[in-house]
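> below are the sequence and a predicted model for it; my questions follow.
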Amino acid sequence: MTFSIEPIAREYVYRRFKLASVPEKEKIIKDWANKIEDSKLLVRDFEERVGEVKGKKILDVGSGPGGVSIAFALAGADMYGVDIEKELYDISLIQAKEYGVSAHFFLYEGSKLPFLDNIFDYAISVSVIEHTTDPELYLSEILRVMKPDGKLYLGFPNKLAWKETHTGIWFLTYKPAFLRPFVVRMLGRNPLEENNLHFYTYFDLLRMLKRVRVQNFSWRLLPEEGKIQSGPKKIIKSILGIFGLSYKAFLPHILVVLEKK
């Protein structure tokens, strides 16, 4: 494969994120360039937690330039991606063509997904929900288009993490909300409003899920033992369990699997 997304990514990123520092822009470009290869690891983790992707109809909700969807399509999934930005949609089509995969990409207005009810086996949302204006509507729409017993692989950065993922700023989310935009601008990062960036915890997610209902369906959070088998981390995990707390609430990135019931 001789195709490189870097020239397209560089043109888009430097025009789209005008107030971001050069290192931040270059970081985004590098992430795009490596996304398909990196997402092959994501596919493996998805299969461990959710199920085999080959032959499954899967929705990537917030597909961006298409890297995740293409990695899943290369693994045999019947892949559908949806995003709100026309340029990202166009880039995803270019990438899919260059990689020779039949991933299907759609543009939508950010509220109602352009699909019928109950048609997807699985859905994936990684580092998207924190960019949504109405996360409960976002989750409700995913619930609507998934089949009963369908599963959503949902990941997002933890507000309680010491270093904020998108800006790379230490203790940003521990500062008062009114101070965060000033700190971000002072350190030369892309403004929070440019990415419609919000910060959530595991407990915020639980509160959202209590309010997310569609017709007669609802979510249930699938229990996971995780990959901590021994040592101090296992002890901490057990202690948290005594108090009814999930160890996931304190990880830098929260990753859960939700099932439509």
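That came through, no problem. Remember, predicted model here, so these are calculated numbers, not experimental data.

> go through stretch 253-261 and flag the buried ones.
Using 16 or more other Cβ atoms under 10 Å as the test for burial, stretch 253-261 gives Ile254, Leu255, Val256, Val257, Leu258, Glu259, Lys260. All C-beta atoms are positioned from the backbone trio N, CA, C, and that covers glycine.

> what's the answer for stretch 192-212, then?
Neighbour counts using 16+ other Cβ under 10 Å place Leu192, Leu197, Phe199, Tyr200, Thr201, Tyr202, Asp204, Leu205, Met208, Leu209, Val212 of stretch 192-212 among the buried residues.

> over to stretch 177-197?
For stretch 177-197, a neighbour-count test (16+ other Cβ under 10 Å) marks Arg180, Val183, Val184, Arg189, Asn190, Leu192, Leu197 as buried.

> show residues contacting the longest strand seen in the chain.
Once the chain is assigned using DSSP state E, the strand that runs over the most residues is strand 146-157. The contact list for strand 146-157, computed with Cβ atoms under 8 Å, 6 or more residues apart in numbering, reads 46, 49-51, 59, 118-130, 142-143, 164-166, 199-200, 205, 217, 219, 222, 252-261.

> now, which of the buried residues of stretch 177-197 lie within helices?
Helix and strand membership here follows DSSP state H; of the buried residues of stretch 177-197, those in helices are Arg180, Val183, Val184.

> the closest residue to the first one other than its chain neighbours: how many residues sit nearby?
Translated: Arg180. The shortest distance from Arg180 to any residue other than its chain neighbours is 5.9 Å, reached at Leu172 (Cβ to Cβ, 6 or more residues apart in numbering). Burial of Leu172 is recorded as 23 neighbouring residues (other Cβ atoms under 10 Å).

> begin at 16 from now on, thanks
All set: I'll call the first residue 16, so the last point we hit is now Leu187.

> pLDDT wise, what is Leu187 at?
For Leu187, the model assigns a pLDDT of 95.

> and the closest residue to Lys127 other than its chain neighbours, what element?
By the measure of Cβ to Cβ, 6+ apart, the closest residue to Lys127 outside its immediate chain neighbours is Glu156, 6.4 Å from it. In this assignment (DSSP states H and E), Glu156 forms part of helix 150-160.

> what helices or strands is that helix leaning on?
Applying 3 or more Cβ pairs under 8 Å, 6 or more residues apart in numbering; DSSP states H and E, one finds that helix 150-160 contacts strand 72-76, strand 135-141, helix 217-226.

> how about those, which one is nearest Glu113?
strand 72-76 (17.8 Å; Cβ to Cβ).

> neighbouring strands for that closest one, and are they parallel or not?
Within its sheet, and counting by DSSP bridges, strand 72-76 is paired with strand 93-98 (parallel), strand 135-141 (parallel).

> out of those, which gets nearest to Tyr104?
Between Tyr104 and the strands paired with strand 72-76, the shortest separation by Cβ to Cβ is 5.6 Å, and it involves strand 93-98.

> just the C-alpha atoms of the closest one, please, in PDB.
Once side chains and other backbone atoms are set aside, the C-alpha atoms of strand 93-98 remain, and they are given as PDB (Å, rounded to 0.1, in the frame of the first residue of the first chain):
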ATOM      1  CA  ASP A  93     -20.000  -5.200   7.200                       C
ATOM      2  CA  MET A  94     -19.000  -1.700   8.300                       C
ATOM      3  CA  TYR A  95     -21.100   1.600   8.400                       C
ATOM      4  CA  GLY A  96     -19.600   4.900   9.500                       C
ATOM      5  CA  VAL A  97     -21.400   8.200  10.200                       C
ATOM      6  CA  ASP A  98     -20.100  11.600  10.900                       C
END
